[in-house]
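**Student:** Give me a model of this one.
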Amino acid sequence: MWWGNDKNDRIPDGLEKLLPSVTDAQSDLCRILCLELGQAHLFENWGKGDKDASPAVKRRMIDQLIALDNAHPTGLKGYINNAKKLLSLSSKGENPHKGWIPSVPVGASFEIGSEEYNRVERVGRHELGSVGFVLVAGGLGERLGYGDIKIGLPTEQVTGKCYLKYYCDYLFSLQAGYGASRASGKDFLLPLCIMTSRDTNDRTVALLKKNDYFGLKKSQITIVQQGDGVPALMDNDAKIALHPGHEYRIMTKPHGHGDVHALLYKHGVARKWVEKGINWITFFQDTNGLAFHSLPLAIGVSVEKNLVMNSLAIPRKAKQAVGAIAKLTNSEGDTRTINVEYNQLDPLLRTTENFKDGDTNDEKTGFSPFPGNINQLLFNAEEYLEALEECEGIMPEFVNPKYKDAAKTKFKKPTRLECMMQDFPTVLKADAANRVGFTAISADMCFSPVKNATSDGVKLQKLGTHPACAASGEADQYGACRNILRSMGVTVQEREPETFKGVSVNFGPEIVIAPESMCCPAEYREVFTNPRKVKISSRSSLYIKGPGKLTIESLDLDGALVINCEMGANAVVRKLKVKNEGWKRVSVEESDDEIIAMRGYKLEKIKSLDLNYRKEENGCYIL
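**Tutor:** The predicted model follows:
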């Protein structure tokens with residue numbers, strides 16, 4: 001049956017026959033899709049031929065469309081209409097930031113161990129007892145060769161501690177060390193919200209239950225599940241794609257981590273946190289084991305610069321293929337400090353008086369004045385909540401189709417609209433939008449994601465790019481601890497790089513400091529009171545754990561040392577010299593163990609000195 005003037009504005013016969021048997025809501029949505037949105041092709045083959053599906057199968061497809069309509073903040077109508085606009089701009093090659101003038105954003109850059117770093121970190125430490133944590137954890141480990149959720153991967157092989165446990169341990173250590181002082185003698189529970197996906201939700205819940213919530217209370221953990229995605233689009237007219245080989249299923253793709261804001265709004269998470277006394281909210285992603293070393297530093301910057309939103313960033317070379325944080329201003333004086341893709345930043349800069357040469361390195365620092373974005377965010381909780389409730393958590397969408405032809409009329413594969421959590425500044429009002437900035441520190445202190453298969457890591461490393469695989473993630477965990485100790489004056493020798501499965505990494509000395517022992521560089525300085533009398537050889541391994549009061553006055557380590565300072569213990573390590581066979585890595589070409597297989601090695605703990613300090617001992621260990 002034909003409706004309207006356009007041949008596409010019609011309800012196909014097969015759908016028309018089914019509509020009387022579905023609900024009014026289902027019928028209305030199907031009519032809108034066909035008559036207003038140009039989606040009649042979805043039902044084109046209904047009722048044709050002997051292979052036509054049963055009414056039940058067709059209703060399941062309509063149910064899927066209803067679910068997608070309900071899941072998107074603006075419904076399918078808003079999604080498709082926005083897609084048409086964005087695809088039109090994309091096909092014309094227009095810069096999405098056209099009309100905005102870029103400038104260097106508000107922020108500060110630091111070197112670990114500098115006086116300024118230590119000063120600003122002290123400011124931030126006072127606020128560590130009032131932080132809420134949001135973990136974006138919707139990913140499976142299949143790409144890495146791991147058959148489970150990514151947050152279940154071990155951060156390193158010294159402890160075998162998975163990412164989720166590491167994050168919970170860190171939160172618990174802040175809660176114990178800083179939260180109690182805020183609660184008039186009562187425990188102040190720091191909250192954790194985990195955004196999962198359909199693929200990861202049940203496994204995340206199971207991992208938490210199996211491990212008794214890793215020491216946290218069930219009540220302080222909130223899980224919000226992202227929707228099943230958004231419809232894939234097969235052309236510039238934003239026609240919805242059917243699943244390959246299945247005429248009765250919509251093809252969907254992830255909508256992006258920007259959905260986290262809508263979920264925090266929908267479930268009232270941010271409001272509950274603010275009402276309970278949370279002052280700061282930090283967002284971090286699933287497999288970055290360096291996420292928290294610089295948290296107190298970032299908080300300090302936010303306090304001193306009165307920031308609503310603060311992006312943790314890394315120094316970035318000009319034109320480096322990393323999104324850059326830039327302040328944009330339009331002709332009406334509106335501002336937004338957001339991530340700008342590197343291929344969009346350079347041509348945008350060339351249109352301005354101050355950056356006629358485009359994205360270039362500063363002569364003094366050797367880096368671009370526009371730091372690199374790593375999607376780790378810190379918000380002032382009250383002002384975040386105010387903006388969140390104003391916009392209901394809806395982030396602006398963008399599209400990035402891959403075209404087959406120069407005319408940009410055909411896609412290599414279906415595309416979709418996406419949204420990013422770091423685009424939150426676009427919804428801020430004028431005053432708040434002017435108080436968005438960054439905190440920059442070297443990547444080896446704050447950013448080492450595990451997202452690539454080893455084979456992909458090898459290719460990236462050959463191109464001069466960080467491999468971002470399991471082996472490099474583990475090595476960088478040790479490396480960050482070495483950097484902190486060296487910045488204090490500890491002598492830490494460097495081991496020669498090793499290669500496993502083609503990835504070159506520097507593992508040693510392996511140094512693991514559990515969060516309950518030291519959770520930021522300032523706490524390292526409280527433990528290593530005479531750092532110039534501490535020496536760690538290149539072949540050594542050091543693991544410190546336990547929440548007791550530990551002081552290391554002097555140590556000469558050449559081998560493996562494990563120190564466990566239990567709750568209530570007061571231990572001093574003085575004039576300790578350790579020499580043993582230690583631990584070593586052994587190459588493993590093939591293994592049934594996924595963890596070993598993806599790394600290409602295993603850690604053999606041959607010999608170590610284990611020191612266990614208990615409350616009743618309360619003494620010093622002197623060799």
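
**Student:** where along the stretch 401-550 of the chain do the strands fall?
**Tutor:** 417-418, 436-440, 491-492, 498-500, 503-505, 510-513, 534-536, 541-545, 549-552 (DSSP state E, counting those that start in this stretch).

**Student:** Which of these sits closest to residue 52?
**Tutor:** Nearest of the strands of the stretch 401-550 of the chain to residue 52, taken as Cβ to Cβ: strand 417-418 at 31.6 Å. C-betas here are computed from N, CA, C, even on glycine.

**Student:** what about the strands of the stretch 401-550 of the chain, which gets the closest to residue 278?
**Tutor:** strand 436-440 (19.7 Å).

**Student:** which residues are contacting that closest one?
**Tutor:** Residues from elsewhere that reach strand 436-440, judged by Cβ atoms under 8 Å, 6 or more residues apart in numbering: 105-110, 294, 297-298, 301-302, 305, 307-315, 325, 327, 336-337, 371, 378, 425, 428.

**Student:** among those residues, which are in strands?
**Tutor:** Among the contacts of strand 436-440, the residues falling in strands (DSSP state E) are 106-109, 309-314, 325, 327, 336-337, 378.

**Student:** just curious, which of those is nearest to residue 354?
**Tutor:** Nearest member of these to residue 354, counting by Cβ to Cβ, is residue 327, at 12.0 Å.

**Student:** doesn't residue 578 make contact with residue 558?
**Tutor:** Yes - here residue 558 reaches residue 578: they are 6.6 Å apart, a contact under Cβ atoms under 8 Å.

**Student:** need the strands of the stretch 401-550 of the chain in a markdown table with distance to residue 21 and mean pLDDT, can you?
**Tutor:** Output for these, formatted as a markdown table (distance: least, Cβ to Cβ, whole Å; pLDDT from 0 to 100):
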| stretch | distance to residue 21 | mean pLDDT |
| --- | --- | --- |
| strand 417-418 | 32 | 96 |
| strand 436-440 | 52 | 97 |
| strand 491-492 | 73 | 98 |
| strand 498-500 | 60 | 95 |
| strand 503-505 | 58 | 94 |
| strand 510-513 | 62 | 98 |
| strand 534-536 | 74 | 98 |
| strand 541-545 | 64 | 98 |
| strand 549-552 | 71 | 96 |
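
**Student:** Point out the most buried one among the ones you listed.
**Tutor:** Of the strands of the stretch 401-550 of the chain, the one with the most neighbours on average (mean count of other Cβ atoms under 10 Å) is strand 436-440, at a mean of 26.

**Student:** what is the orientation angle of that strand with strand 309-314?
**Tutor:** 30 degrees (axes from the mean of the first three to the mean of the last three Cα atoms, to 10 degrees).

**Student:** Could you export strand 436-440 as PDB, CA atoms only?
**Tutor:** Extracted C-alpha coordinates of strand 436-440, given in PDB (Å, rounded to 0.1, in the frame of the first residue of the first chain):
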ATOM      1  CA  VAL A 436      37.300  22.900  32.000                       C
ATOM      2  CA  GLY A 437      41.000  22.000  31.900                       C
ATOM      3  CA  PHE A 438      43.700  19.400  32.000                       C
ATOM      4  CA  THR A 439      46.500  17.800  34.100                       C
ATOM      5  CA  ALA A 440      49.300  16.500  32.000                       C
END
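
**Student:** next one: that strand to chain centre, how far?
**Tutor:** Centroid separation for strand 436-440 versus its chain: 16 Å, with Cα atoms, centre = their mean, to the nearest Å.

**Student:** Dump the strands of the stretch 401-550 of the chain to a markdown table, plus distance to residue 411.
**Tutor:** A markdown table is the format used below for the strands of the stretch 401-550 of the chain (distance: least, Cβ to Cβ, whole Å):
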| stretch | distance to residue 411 |
| --- | --- |
| strand 417-418 | 14 |
| strand 436-440 | 34 |
| strand 491-492 | 51 |
| strand 498-500 | 38 |
| strand 503-505 | 34 |
| strand 510-513 | 46 |
| strand 534-536 | 54 |
| strand 541-545 | 51 |
| strand 549-552 | 58 |
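
**Student:** Residue 64 sits in which helix or strand?
**Tutor:** Element membership for residue 64, per DSSP states H and E: helix 55-71.

**Student:** List the buried residues of that helix.
**Tutor:** Buried residues in helix 55-71, defined by neighbour count with 16 or more other Cβ atoms under 10 Å: 58-59, 61-62, 64-66, 68-69, 71.

**Student:** For it, name the packing helices and strands.
**Tutor:** Contacts defined by 3 or more Cβ pairs under 8 Å, 6 or more residues apart in numbering; DSSP states H and E place helix 55-71 against helix 13-18, helix 24-35, helix 75-91, strand 230-231.

**Student:** what do you get if the cut-off is 10 Å, keeping everything else the same?
**Tutor:** Under the contact criterion of 3 or more Cβ pairs under 10 Å, 6 or more residues apart in numbering; DSSP states H and E, helix 55-71 touches helix 13-18, helix 24-35, helix 75-91, strand 230-231, strand 252-253.

**Student:** Pull the number of nearby residues for residue 481.
**Tutor:** 20 (other Cβ atoms under 10 Å).

**Student:** Same question for residue 78.
**Tutor:** Residue 78 has 14 neighbours, counted by other Cβ under 10 Å.

**Student:** List the residues that contact it.
**Tutor:** The neighbours of residue 78, taking Cβ atoms under 10 Å, 6 or more residues apart in numbering as the test, are 69, 72, 394, 397.

**Student:** Any idea which of the residues you listed the model trusts least?
**Tutor:** Of all the contacts of residue 78, the model is least confident about residue 72, whose pLDDT is 90.

**Student:** ok, that residue touching residue 417?
**Tutor:** Yes - counting by Cβ atoms under 10 Å, residue 72 touches residue 417, with 9.0 Å between them.

**Student:** overlap in contacts of the two?
**Tutor:** By Cβ under 10 Å, 6+ apart, residue 72 and residue 417 have these common neighbours: 79-80, 82, 230-231, 255, 397.

**Student:** For these, give me a markdown table that also has neighbour count and distance to residue 26.
**Tutor:** Output for those, formatted as a markdown table (neighbours: other Cβ atoms under 10 Å; distance: Cβ to Cβ, whole Å):
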| residue | neighbour count | distance to residue 26 |
| --- | --- | --- |
| 79 | 24 | 18 |
| 80 | 24 | 17 |
| 82 | 18 | 23 |
| 230 | 25 | 19 |
| 231 | 28 | 16 |
| 255 | 23 | 22 |
| 397 | 24 | 25 |
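
**Student:** just those residues now: which is nearest residue 40?
**Tutor:** Closest to residue 40, out of all of the shared contacts of residue 72 and residue 417 and judged by Cβ to Cβ, is residue 80, at 12.9 Å.

**Student:** List the residues that contact residue 311.
**Tutor:** Residue 311 sits in contact with 105, 107, 283, 298, 325, 337-339, 371-378, 422, 424-425, 436-440, where contact means Cβ under 10 Å, 6+ apart.

**Student:** Please save the CA atoms from stretch 549-561 in PDB.
**Tutor:** Provided in PDB are the C-alpha atoms of stretch 549-561 (Å, rounded to 0.1, in the frame of the first residue of the first chain):
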ATOM      1  CA  LYS A 549      53.200   1.200  59.100                       C
ATOM      2  CA  LEU A 550      56.400   0.400  57.200                       C
ATOM      3  CA  THR A 551      59.600   2.500  57.100                       C
ATOM      4  CA  ILE A 552      62.400   1.600  54.800                       C
ATOM      5  CA  GLU A 553      65.600   3.300  56.000                       C
ATOM      6  CA  SER A 554      68.200   1.500  54.100                       C
ATOM      7  CA  LEU A 555      68.200  -1.500  51.700                       C
ATOM      8  CA  ASP A 556      70.500  -3.100  49.200                       C
ATOM      9  CA  LEU A 557      68.500  -5.500  47.100                       C
ATOM     10  CA  ASP A 558      69.900  -7.900  44.500                       C
ATOM     11  CA  GLY A 559      67.300 -10.600  44.100                       C
ATOM     12  CA  ALA A 560      63.700 -11.000  45.200                       C
ATOM     13  CA  LEU A 561      62.200  -9.500  48.300                       C
END
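
**Student:** now that stretch: how far from the chain's centre is it?
**Tutor:** On Cα atoms, centre = their mean, the centre of stretch 549-561 falls 34 Å from the chain's centre.
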